[in-house]
Structures are given as C-alpha cells and as structure tokens.
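Asks: What follows is a protein structure lacking sequence information:
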C-alpha cells in the first residue's frame, strides 16, 4: 500500500497502511447491508417505535406506521432476517423487539444526529 503520488496530506504511509489493514478486518459488506435495510422510511419508523415501546405485535406496528398488517409484517420480517429485530411468541401472539442494545443505540443516535442537523 503506497500513498498516491500527488497526495500531499499529512497522513503517513504507515498510518494509511494501518487504516487499510483495519478495513479488511471488519465485515464492511454486512454493515453496508444493515444500512441498506434501514434505508427504508417505514423500517426506520418501526425501529424507532421499538426504541420507545420495547415490544410490539404486527397489528400495533401496522397502526403506528399507518400501513396494512401485511406490509408491517413484511418490514418486520426484513428487520428480523438481517438481525435488527427478534421475536417472542406468547400463545398466538408474536411480539417484535429490537435485537439488542447495539441496534437500539444505533437508531437513537441516528435520530438524535438528524434532529441536531435540522435545528
């Protein structure tokens, strides 16, 4: 790894190599997929709702997002498939929640960031 010939930044080749090597040690493609899943407004709305109310069933999500039960179910399945949400069954009822505190924090930080930008 060499710096580009015309690059005049203060970053050394050693530092640049460290960054390059570090990038190859993390699951960039998976993280990119995570953000792709969250690029849908309805899914962000659902994820944010789950930071407010820890668990919601499909019909509650449909009501909150002003969508059909089928649409809400589709979005929830997508969030679950990509590790952003999990389910808990209670008899016939299925409740969705965010997968863990990382997802919760990611959504809260993104909302907070956007709110600050829009002030």
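Replies: Sure thing, it's come through. Computed from a predicted model, the values in this text were never measured in an experiment.
Asks: Next, residue 83: secondary structure please.
Replies: coil (DSSP: H, G, I helix; E, B strand; the rest coil).
Asks: Can you read off the backbone torsions of it?
Replies: Backbone torsions of residue 83, given as degrees, to the nearest 10, read phi 80, psi 20.
Asks: Which residue is the nearest non-sequential neighbour of it?
Replies: Excluding the flanking residues, the one nearest residue 83 by C-beta to C-beta, 6 or more residues apart in numbering is residue 99, at 5.6 Å. C-betas here are computed from N, CA, C, even on glycine.
Asks: Hmm, the one you found is touching residue 84, no?
Replies: Yes. In this structure, residue 99 is within contact of residue 84 by C-beta atoms under 8 Å, at 5.7 Å.
Asks: Wait, a helix at residue 89?
Replies: No. Assigned with three-state DSSP, residue 89 falls outside any helix and is strand.
Asks: Can you tell me how far the closest residue to it other than its chain neighbours is from residue 57?
Replies: Sequence neighbours aside, residue 95 is the residue nearest to residue 89 in space, at 7.7 Å (criterion: C-beta to C-beta, 6+ apart). The gap separating residue 95 from residue 57 is 5 Å, by C-beta to C-beta, to the nearest Å.
Asks: more crowded one of the two?
Replies: residue 57 (18 against 15; other C-beta atoms under 10 Å).
Asks: just checking, the more buried one touches residue 97?
Replies: No. Counting by C-beta under 8 Å, no contact exists between residue 57 and residue 97, whose distance comes to 10.7 Å.
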